[in-house]
Structure formats: C-alpha cells, structure tokens
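> Generate a structure from the sequence data that follows.
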Amino acid sequence: MRHGALAEKMRESIAQSASARCTTTASFGIASMKESPCTAADFLSAADHALYASKQQGRNRVTTAAALGVTKNAA
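Down below sits the predicted model:
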C-alpha cells in the first residue's frame, strides 16, 4: 500500500469517527525518501510543504510532495 493511500484511509477513518457534536478532520503531508537521496532536513521540508498544501487546499485531505513536484533542494 502506498503511503498516500494509507494516509487517505486514516483521514477517512478519522472523519467517520466524528460525532454529531464534534467534527474531526485531518490533513496529511506525505514525503518519500525513495524519490531522491536527501537529508533529514530535505525530507521534513518536503513533508511540511505537502502538509501546508493540504491546508491551503481546504484541509481534510492528503497531499504528497511528489504530486507537488517538491524534490531535494527544491523544498
């Protein structure tokens, strides 16, 4: 299972567990170290950019760094 698919299942599960009194959502930013050799700082920066994009696009979603074209040294 791809990381984005796993995060999407988690996001859906969180949204479905909300009660009538409380709405709960989750946004995820996904990065992969397999896409290119990178440092821990590059990896965290790519994930942070993806999470920020999820929030900018309306929250309650999963965004991958690869989908954004975020690569080593571009983040």
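> now the top helix by length along the chain: how far from the chain's centre is it?
Counting residues, the longest helix in the chain under DSSP state H turns out to be helix 40-56. In terms of Cα atoms, centre = their mean, to the nearest Å, the centre of helix 40-56 is set 7 Å apart from its chain centre.
> Show me which residues of that helix are buried.
By neighbour count on 16 or more other Cβ atoms under 10 Å, the buried set for helix 40-56 is 42-43, 45-47, 49-51, 53-54. Heads up, the C-betas are built off the backbone N, CA and C, glycines and all.
> with those residues in mind, which one is nearest to Lys9?
Ser54 (15.5 Å; Cβ to Cβ).
> Pretty sure Met10 sits against Ala26.
Yes. Counting by Cβ atoms under 8 Å, Met10 does reach Ala26; the two are 6.9 Å apart.
> related to what we said a few turns ago, after the longest helix of the chain, heading C-terminal, what element do we hit next?
strand 62-64 (DSSP states H and E).
> Parallel or antiparallel, list what pairs with that following strand.
Here strand 62-64 has these sheet partners by DSSP bridges: strand 28-30 (parallel).
> now the residue nearest the centre of the chain, which residues is it bridged with?
Per Cα atoms, centre = their mean, the C-alpha nearest to the average position across the chain is that of Gly29, at 1.8 Å. Taking DSSP bridges as the rule, Gly29 bridges to Thr63.
> For it, which residues are in contact?
47-54, 63-65 (Cβ atoms under 8 Å, 6 or more residues apart in numbering).
> ok, now with 10 Å
Shown in contact with Gly29 (Cβ atoms under 10 Å, 6 or more residues apart in numbering): 7, 44, 46-55, 61-65, 68, 70.
> Could I have the CA atoms of stretch 59-75 written out in PDB?
The C-alpha coordinates for stretch 59-75 follow below in PDB (Å, rounded to 0.1, in the frame of the first residue of the first chain):
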ATOM      1  CA  ARG A  59      -7.900  20.900   4.800                       C
ATOM      2  CA  ASN A  60      -9.100  17.400   5.400                       C
ATOM      3  CA  ARG A  61      -7.000  16.000   2.600                       C
ATOM      4  CA  VAL A  62      -3.800  14.100   1.700                       C
ATOM      5  CA  THR A  63      -1.100  15.700  -0.400                       C
ATOM      6  CA  THR A  64       2.200  14.200  -1.500                       C
ATOM      7  CA  ALA A  65       5.400  16.100  -2.100                       C
ATOM      8  CA  ALA A  66       5.800  14.200  -5.300                       C
ATOM      9  CA  ALA A  67       2.400  15.500  -6.600                       C
ATOM     10  CA  LEU A  68       3.700  19.000  -5.900                       C
ATOM     11  CA  GLY A  69       6.900  18.400  -7.600                       C
ATOM     12  CA  VAL A  70       8.900  19.000  -4.400                       C
ATOM     13  CA  THR A  71      12.300  17.400  -4.700                       C
ATOM     14  CA  LYS A  72      15.600  17.600  -3.000                       C
ATOM     15  CA  ASN A  73      16.800  21.200  -2.600                       C
ATOM     16  CA  ALA A  74      13.500  22.500  -4.100                       C
ATOM     17  CA  ALA A  75      11.700  22.400  -0.700                       C
END
